[in-house]
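Engineer: Pasted the sequence and its predicted model underneath.
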Amino acid sequence: MRNFRKTAVVLLSLGMGFGVALQAQDFAGGLGNAELERRLGVESVLFNATIKDAPDDDMIELGRLVAMGGAENGGSGMACITCHGVEGHGDGSGAFPRLDGQAGWYLYKQLNDYASGARPNRVMSGIAERLTEPEREAVSAYYAALPAGTFDTARGRIDGTLLQWGGQLAAVGSAEKGIPACVNCHGPQGTGLPPSVPYLAGQYAGYMELQLTLWQDGVRDNDAMNVMEAIARKMSEEDIRAVSEYYARVANPAEMEAIPARELDAPGAQ
Amino acid sequence: MVTELPKTDVVIVGAGWTGLAAAKELADAGQRCVVIERGDWRHDATSFGAPEEHDELKYARRKGHMIDTPIKTLSFRNTSDQTARPIRRLGSFLPGKGLGGAGIHWNGQLWRPLESDLSMRSHYTERYGAAVLEGTNVQDWGVSYDELEPHLDFFDRVCGTAGVAGNLNGEIREGGNPFEGPRSADYPNPPMTPSPPLQRFRDTARAMGYHPFQMPSANVTRAYENPYGAQLHPCTYCGFCERFGCGYFAKADPIICIYDVVKDHENFELRMNSHVLRVETSADGKTATGVRYIDARGREVFQPADTVCLNAYALWNVHLMLVSGLGTPYDPKTGQGTVGRNYAYQTMAAVSVFFDEEVWSNPFMGAGALGMTIDDFNGDNFDHTGLGFVGGGYISANQTNGRPINYQPTPPGTPSWGAEWKRAVRENYLHHVSLACHGSSVAVPQNHLDLDPTYVDDFGQPLLRMTFDFPENDRKMSAYVLSKAEEIARNMDNVRAVGTSNNAAEGQGYSVVPYQTTHNTGGAVIGTDPATSVVNRYGQMWDHHNVFVFGACLFPQNLGYNPTGPLMGLAYWTLEHMKTDYLANPRPLMDA
């Protein structure tokens, strides 16, 4: 973990991370290849970013290139960073999830599913179709290797009771409604279980709400074990909002590990 | 001071599979049901979720969901000339406690008996002559496969069982078990996804002329609604079935399949943390009047009832009868009496298969009933002429878990500790599968259950005493089935080592220390003759017509299968006769 921590400290000292990229995308930031390679020296980062084979320098470079909108085959025709940002922070519109530090294989599967139509999406399907197989793998590994950034994804004020209900659904589900707890698969504190289960902690509420609704409606039907549709169908609109707002407010544990406690306690930090 | 409560229609002892099924069916039939359960309330959503539930030390090793032996246990001896000692730490078998009972920590391997299993004595006598059963208490069940089929089918639907029917209304179908009795309908869900070792086993067994099929699984394979309206979810192959509850709503269990749909019923009441001491009987001894129990606050309570249902674990049902004076205790010296007679266990052996680097098992992706099975050596599916034994077992490549404490497969000859052992675990963890030989057990006169003359429990009642060793018949059967399993293992490609183990090996007594299986059977068996059975073919006690008995204690001898499917078929059969015949006109349903 020591390398990981150093990386994060470097990030902080550069003034990146906190409170930025909430709405506007940051095209200028991002880690250099050398820094990403250093991060891949950490076992957990390497595991998170490995899709088929362990990513090497060339793959990370290709991934970065695809993210920026270029590639040998002409690329996707649209840069990932346009919506998801160089650091993969996405935005709070509900349409653009954060990708930073997300499980690599999960990201890769989503690209395949966008391309095949298993996860229909008017923007992403066309983009994914134009990416070659190695490009899908590379860009997924690239975003997976990025550090999960520290910024506040939650927006606005929310009723405390609703938030508590969201926390309860996340931790123990509902015996009354027959809803299994999120932590069953998404891990303690919503960290995800790479390679196949994405993190929820610190993800945008609007995005999670939309996905649960798509599952409920049977539009999205592409999770590996096909469990999400049945779960979403048991949830009310309020349940969906509660659990999404809750997870948006849970700090991503990857960043908790990386950042000294005193920094987190500093005024203005979330 | 005993508090006497207002009378209820039905009192049900135990809130596991059979107890909750009885409560649901009888409550719907207008009977006011009181269910009394020794353990705690719990629910899949709130009690069994990962990551807390996936604590191998707490639940698998320290057995968090099992009966507390300081409160409830039994004593054990191999033979009648020994002095039995109390089992102070669970080992060989693991009775459950709490809402859902042992139906919470089962694997979900959901079988049916073979047609010939249910008429074992007449079938073997007809095919081989009566001499093959000499020295055993093997007998017929008194109920036929055709009679049970609708009820076995219903329970498949309650659980959302996954599999391929091998015999659909008499038509033998590819990919299923060709030996099974005819099914009136296919499984409600498609089979599980077989892992690479299971595929290897299937291909090799098929090439050897056997008939591999996927084990029937109550680990549900897709979103499913059961006939009661309960909704189950697809299994995630998390590898935490046996000894654990399922927080995914994917392993069918009594809470999500039945309790959730009966809990608000006006005729249903559940009393937790209440320990039933005895069933009380009327002055003339002909009927039961209710049950006496210690409630959650430690008070002694009498609950009067018109009908008493015994739905505790197989061994505890027998214990309750013995301490209550229900029926006549079995005496192995004279062969007289029936309560405690025909206790049988299950005969377990296994082959450990070690693959080379070509075959990846990834054992952590497992499920309780993720198995590829052959039934060619079970029951009387093969010719027993000259073999010197009856019965058999299924052989199944099972991938149930890869948990770190329990699952450390090493090839024969590996030291049990040290650097060599560690290296062997590293090399084999991802390249190993076990073939289980899940064998039957015949009842013999000497194996039985009675009350311990010395030891008492927390409530001052004598412990149940078990006297058991593997009958010679079962040792021979086990060695035979194991040799067939080993042969398959050696015929598989990419196998670099094969190891075997046999709990019933010649020359070693049955031990209650190492885990084998929780499938204890008999002691209060079903039949058509009151001299050899405790209950008639409807599950009704011969001696007390308003006492109905449920569970594996009914089995006259043990099958080569896991008992939950067969015992639930019997439960729904009994409940149907209670609802359509007995309750309107309470009386003995058969003449003694």
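Structural biologist: Yep, it's here.
Engineer: ok, residue B:592 - contacts?
Structural biologist: Applying CB atoms under 8 Å, 6 or more residues apart in numbering or on different chains, we find residue B:592 in contact with B:530, B:542. In this view, the C-beta of every residue, glycine as well, is placed from N, C-alpha and C.
Engineer: what about 10 Å?
Structural biologist: Counting by CB atoms under 10 Å, 6 or more residues apart in numbering or on different chains, residue B:592 makes contact with B:529-531, B:536, B:542-543, B:545.
Engineer: roughly how far apart are it and residue B:528?
Structural biologist: Using CB to CB, to the nearest Å, residue B:592 is found at 10 Å from residue B:528.
Engineer: Return every residue with contacts to both of those two.
Structural biologist: By CB under 10 Å, 6+ apart, the residues touching both residue B:592 and residue B:528 are residue B:536.
Engineer: circling back to that earlier point, now pLDDT too, for the contacts of residue B:592, in JSON lines please.
Structural biologist: Shown next, in JSON lines, are the contacts of residue B:592 (pLDDT from 0 to 100):
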{"residue": "B:529", "pLDDT": "98"}
{"residue": "B:530", "pLDDT": "98"}
{"residue": "B:531", "pLDDT": "98"}
{"residue": "B:536", "pLDDT": "98"}
{"residue": "B:542", "pLDDT": "98"}
{"residue": "B:543", "pLDDT": "96"}
{"residue": "B:545", "pLDDT": "98"}
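Engineer: got those as CSV, with neighbour count, distance to residue B:8 and secondary structure columns?
Structural biologist: As requested, those are exported to CSV (neighbours: other CB atoms under 10 Å in any protein chain shown; distance: CB to CB, whole Å; DSSP: H, G, I helix; E, B strand; the rest coil):
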residue, neighbour count, distance to residue B:8, secondary structure
B:529, 13, 33, coil
B:530, 18, 29, coil
B:531, 12, 33, coil
B:536, 23, 24, coil
B:542, 21, 24, coil
B:543, 22, 22, coil
B:545, 20, 18, coil
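Engineer: what's the most distant pair in those residues?
Structural biologist: Using CB to CB, those reach their maximum pairwise distance at B:531 and B:545, which is 17.6 Å.
Engineer: could the contacts of residue B:592 go into CSV alongside distance to chain A?
Structural biologist: Formatted as CSV, the contacts of residue B:592 follow (distance: CB to the nearest CB, whole Å):
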residue, distance to chain A
B:529, 46
B:530, 44
B:531, 48
B:536, 39
B:542, 41
B:543, 41
B:545, 38
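Engineer: between those, which is nearest residue B:565?
Structural biologist: residue B:536 (22.0 Å).
Engineer: Could you report the distance from that closest one to residue B:143?
Structural biologist: 10 Å.
Engineer: and if you look at residue B:486?
Structural biologist: 36 Å.
Engineer: got any ranges where chain A has weak pLDDT?
Structural biologist: Residue ranges of chain A with pLDDT under 70: A:1-30, A:72-76, A:253-270.
Engineer: Could you chop it up by domain?
Structural biologist: A:2-145, A:160-250 (automatic domain parsing).
Engineer: Tell me the span between the first and last residue of the last one.
Structural biologist: As for domain A:160-250, its first-to-last residue distance stands at 14 Å under the measure CA to CA, to the nearest Å.
Engineer: rewinding a little: which one's more surrounded, residue B:486 and residue B:143?
Structural biologist: More crowded of residue B:486 and residue B:143, by other CB atoms under 10 Å in any protein chain shown: residue B:143, with 24 against 19.
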